[in-house]
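Engineer: Here is my input, please return the structure:
(one chain, ligands or ions: 1)
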Amino acid sequence: MSVYEVNFDGLVGPTHSYAGLSYGNVASARNVAESSNPKQAALQGLAKMKQLHDAGFKQGILLPHERPYIPVLKQLGFSGTEASILQLAARQAPELLAAASSASCMWTANAATVSPSADTHDGRVHFTAANLNNKFHRSIEHPLTSRMLQAIFAEETVFAHHPALPAVSQFGDEGAANHTRLCVDYGQPGVELFVYGQHAFNYTSARPTRYPARQTLEASQAIARLHGLEPQRTVFAQQAPNAIDAGVFHNDVIAVGNREWLFYHEEAFLNEAQLLQELEEKLGLGVLKTIRVSGEQVPLNDVIHSYLFNSQLLSRPDGSMVLVVPLECREIASVSVFLDQLVGDTSNPINELLVFDLKQSMKNGGGPACLRLRVVLTEDELAAVHSGCLLTDELFGLLNAWVNKHYRDRLSFDDLSDPALLQESRTALDELTGLLNLGSIYDFQRV
Ligand SMILES: NCCC[C@H](NC(=O)CCC(=O)O)C(=O)O
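Structural biologist: Take a look at the predicted model:
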């Protein structure tokens, strides 16, 4: 039976903004308070989905969340009409209004960790929604993410869903951004690699000193247990604390894997040699292939500003691979030179580069890989997915028109307290669930 990697991209929401909410994510800090263009952001994301769909890759969609999220502002003590809640929050706690308004769910690599059925004990595809506990604005995503995943992957005989882990820093979980699967073929059992930033319950272990380590070993281990993964095919590796302190807040900013290939920077892992040895042992002799980039080829700082490794490494049926990178990779000399060499080098399967303008997302620290959740599915499992969330030419046309109709092309902090923005967003999302035939998943649709 054919088995596919389906990429579910997050549709950018109508409140996409630059609020500087992610300490440790240098792009988020650098662009704070700039005005954003939600319409352009959503269209850029859709253009990537469409081009990959046209190139023959399977493409799915996850929906934006309801923002500004009034229930969380109420939970924090703001009361009155929705208009007065927005106004009070803007005046008394602008950082809370900004957090409650963030469109950060667009980075669906952080929505959940997904284990394909070939790897799990019960032969189902397992999903654990990420608690995103390290950042308040992201910690409010998982309830709707869970609901959405359950609506899209509803068939219990083939899909299993686990709620987010306990909401404390010791179980900080950032989802698939710190998870890679290596395998010979998507349909065969693979080795799942979990990369963590700190060992939370071991207070003397290595950890970053400047920026937070968002993912813990304890969280990754819990997910491996929940998904019923075989210890003999599971690897836990620590991210280099220095990389986190330089701004590599998720492992997918410095490494990406696909099939038997691991493409990574030499400064990515704390114990690189040990990791490679374990991967080799668990994958079977001679299976693992690596593309290791040195600091001499591409300095860490250029890695972080180009998002070279936040690329999508996609397999074609003939075994060759395409690397999907953001435009910034062409704007930084060391990276651009490296990429030309990489694509010209016949000792690796990458023979095409697709370059996308994702600047609206990149300015918040989200590249091509951040924008997608990989779900490996057999043909039967794919047939059980809610078809409304799978991209078609027709749906692309509808979504483009929907964005053009509902989204603003300029948004700044002052707009977030405008009750009209809340109404516009709800109108748009209500129409979207209709377009995707998904039923009522939002709080505002359920009251
Ligand atoms: N995988 C990419 C995630 C990027 C995301 N940025 C943000 O949430 C920035 C939002 C802001 O600053 O307005 C994050 O850091 O988790």
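Engineer: only C-alpha atoms for contact and neighbour calcs from this point on.
Structural biologist: OK.
Engineer: Now do the SS call for the residue lying closest to R316 once chain neighbours are set aside.
Structural biologist: Leaving aside its chain neighbours, R316 sits nearest to V322 (7.5 Å; criterion: Cα to Cα, 6 or more residues apart in numbering). With DSSP: H, G, I helix; E, B strand; the rest coil as the basis, V322 sits in strand.
Engineer: what about V322, distance to the ligand?
Structural biologist: When distance is defined by Cα to the nearest ligand atom, to the nearest Å, V322 is 21 Å away from the ligand.
Engineer: Torsion angles phi and psi at the closest residue to V293 other than its chain neighbours?
Structural biologist: Closest residue in space to V293, ignoring its immediate chain neighbours: H265 at 4.6 Å, by Cα to Cα, 6+ apart. For H265, the backbone dihedrals (degrees, to the nearest 10) come out as phi -100, psi 150.
Engineer: V168 versus the residue nearest to R316, what's the distance?
Structural biologist: In this view, V322 and V168 are 38 Å apart by Cα to Cα, to the nearest Å.
Engineer: Looking at the two, which is more packed in?
Structural biologist: Ranked by neighbour count (other Cα atoms under 10 Å), V322 and V168 place V322 first, with 18 against 12.
Engineer: in the sheet, who's paired with that one?
Structural biologist: L314, E352 (DSSP bridges).
Engineer: wait, it sits on V355?
Structural biologist: No: checked against Cα atoms under 8 Å, the pair V322 and V355 is beyond contact range at 10.5 Å.
Engineer: And the residue of the chain most remote from its centre, how far from A89?
Structural biologist: What lies farthest from the middle of the chain is G80; by Cα atoms, centre = their mean that is 35.1 Å. Applying Cα to Cα, the value for G80 to A89 is 11 Å.
Engineer: Now for the nearest residue to S28 once chain neighbours are set aside, how many residues are close by?
Structural biologist: Among residues not flanking S28 along the chain, N364 sits closest, at 4.4 Å (Cα to Cα, 6+ apart). N364 sits with 24 neighbouring residues when counted by other Cα under 10 Å.
Engineer: Name the SS class of N364, please.
Structural biologist: Once three-state DSSP is applied, N364 turns out coil.
Engineer: can you tell me which residues contact it?
Structural biologist: Y18, G20, N25, A27, S28, N31 (Cα atoms under 8 Å, 6 or more residues apart in numbering).
Engineer: try 7 Å
Structural biologist: Residues near N364 by Cα atoms under 7 Å, 6 or more residues apart in numbering: Y18, A27, S28.
Engineer: what helix or strand does the first one sit in?
Structural biologist: Secondary structure here is read from DSSP states H and E; on that basis Y18 sits in neither a helix nor a strand.
Engineer: Just read off the phi/psi values of it.
Structural biologist: Per-residue torsions, Y18: phi -110, psi 100 (degrees, to the nearest 10).
Engineer: near the ligand, which residues of the stretch 101-250 of the chain?
Structural biologist: Counting by Cα under 6 Å from any ligand atom, the stretch 101-250 of the chain comes close to the ligand at S104, W107.
Engineer: what about 8 Å?
Structural biologist: Within reach of the ligand by Cα under 8 Å from any ligand atom, the stretch 101-250 of the chain has these residues: 102-104, 107-110, 135, 137-138, 177, 249-250.
Engineer: Can you say which of those residues are buried?
Structural biologist: Among those, those that count as buried by neighbour count (16 or more other Cα atoms under 10 Å) are S102, A103, S104, W107, T108, A109, N110, H137, R138, A177, F249, H250.
Engineer: The first one reaches H16, doesn't it?
Structural biologist: Yes: using Cα atoms under 7 Å, S102 is in contact with H16, at 6.3 Å.
Engineer: returning to what we had before: in a markdown table, list the residues of the stretch 101-250 of the chain next to the ligand along with distance to T145.
Structural biologist: As requested, those are arranged in a markdown table below (distance: Cα to Cα, whole Å):
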| residue | distance to T145 |
| --- | --- |
| S102 | 15 |
| A103 | 13 |
| S104 | 12 |
| W107 | 12 |
| T108 | 9 |
| A109 | 12 |
| N110 | 10 |
| K135 | 16 |
| H137 | 14 |
| R138 | 11 |
| A177 | 15 |
| F249 | 21 |
| H250 | 19 |
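Engineer: How about the closest residue to the ligand within the stretch 101-250 of the chain: what's its closest non-neighbour residue?
Structural biologist: Closest contact between the stretch 101-250 of the chain and the ligand, by Cα to the nearest ligand atom, is at S104 (4.9 Å). Distances taken as Cα to Cα, 6+ apart place R138 nearest to S104, at 6.7 Å, with adjacent residues excluded.
Engineer: of the contacts of N364, list those near the ligand.
Structural biologist: Within the contacts of N364, those near the ligand by Cα under 8 Å from any ligand atom are Y18, A27, S28.
Engineer: how about the residues you listed in JSON lines, adding pLDDT, distance to N37 and neighbour count?
Structural biologist: As requested, those are exported to JSON lines (pLDDT from 0 to 100; distance: Cα to Cα, whole Å; neighbours: other Cα atoms under 10 Å):
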{"residue": "Y18", "pLDDT": "98", "distance to N37": "10", "neighbour count": "27"}
{"residue": "A27", "pLDDT": "96", "distance to N37": "16", "neighbour count": "21"}
{"residue": "S28", "pLDDT": "95", "distance to N37": "15", "neighbour count": "21"}
